[in-house]
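Asker: coords please:
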Amino acid sequence: MAEFSFPKESRLLTAADYKVVFDNSQYKVSCRHFLMLATLSQHQTKRLGMVLAKKNIGKAAQRNRIKRQIRETFRHTNAQFPSLDVVVLARRDAAKLSKAQLSKFLNGLWLDLENKWVVKK
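Answerer: Residues are numbered from 1 along each chain as shown. Reported below is the predicted structural model:
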C-alpha cells in the first residue's frame, strides 16, 4: 500500500517549482475540464502541482474533492515518465463532474501525456 502514497518528494512545493513548469512547459494536454502542463525535471521522481482557482470552482468542498481525485489518479498512473513536473489546472466545468467522470477525464489526460512524452522522447 505504501507504493500509492503521496510523499513530499512527489509534490511541487514552491512558487519557483510552479514557475518553471508554467514558463517552460514542454508538454501540454487538455480537455474541456482540465489542462496539464509538464516539463522535464531534475528530480528522480515525477512531481505534481495543482491549480484550482476559487474563481472557477467556488466551493472549498468541491476544490478538495477534485484535488483528491487528481492525486489519486496521479498515484495510480503507472506511466513511463519518471522525471516530469506536472501542473494540473482545473477549469470551470470540472466542479460539475461526478467522481467517475473525473477519473475518466483525468486518466485520459494522463494517457495522452504519456503518449506525448513517448513520442517526443
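Asker: going forward, measure contacts between C-alpha atoms and count neighbours the same way
Answerer: Will do.
Asker: Check which residues of stretch 48-66 are buried.
Answerer: 48, 49, 50, 52, 57, 62, 63, 66 (16 or more other CA atoms under 10 Å).
Asker: I'd like these as TSV, with secondary structure appended.
Answerer: Output for these, formatted as TSV (DSSP: H, G, I helix; E, B strand; the rest coil):
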residue	secondary structure
48	strand
49	strand
50	strand
52	coil
57	coil
62	helix
63	helix
66	helix
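Asker: What I need now is those residues written out in TSV, including distance to residue 96 for each item.
Answerer: Listed next are the buried residues of stretch 48-66 as TSV, based on distance: CA to CA, whole Å:
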residue	distance to residue 96
48	23
49	21
50	18
52	14
57	9
62	9
63	11
66	10
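Asker: What is the nearest of the residues you listed to residue 15?
Answerer: Nearest to residue 15, judged by CA to CA, of these is residue 49 at 10.2 Å.
Asker: now the closest one: how far from residue 18?
Answerer: The gap separating residue 49 from residue 18 is 7 Å, by CA to CA, to the nearest Å.
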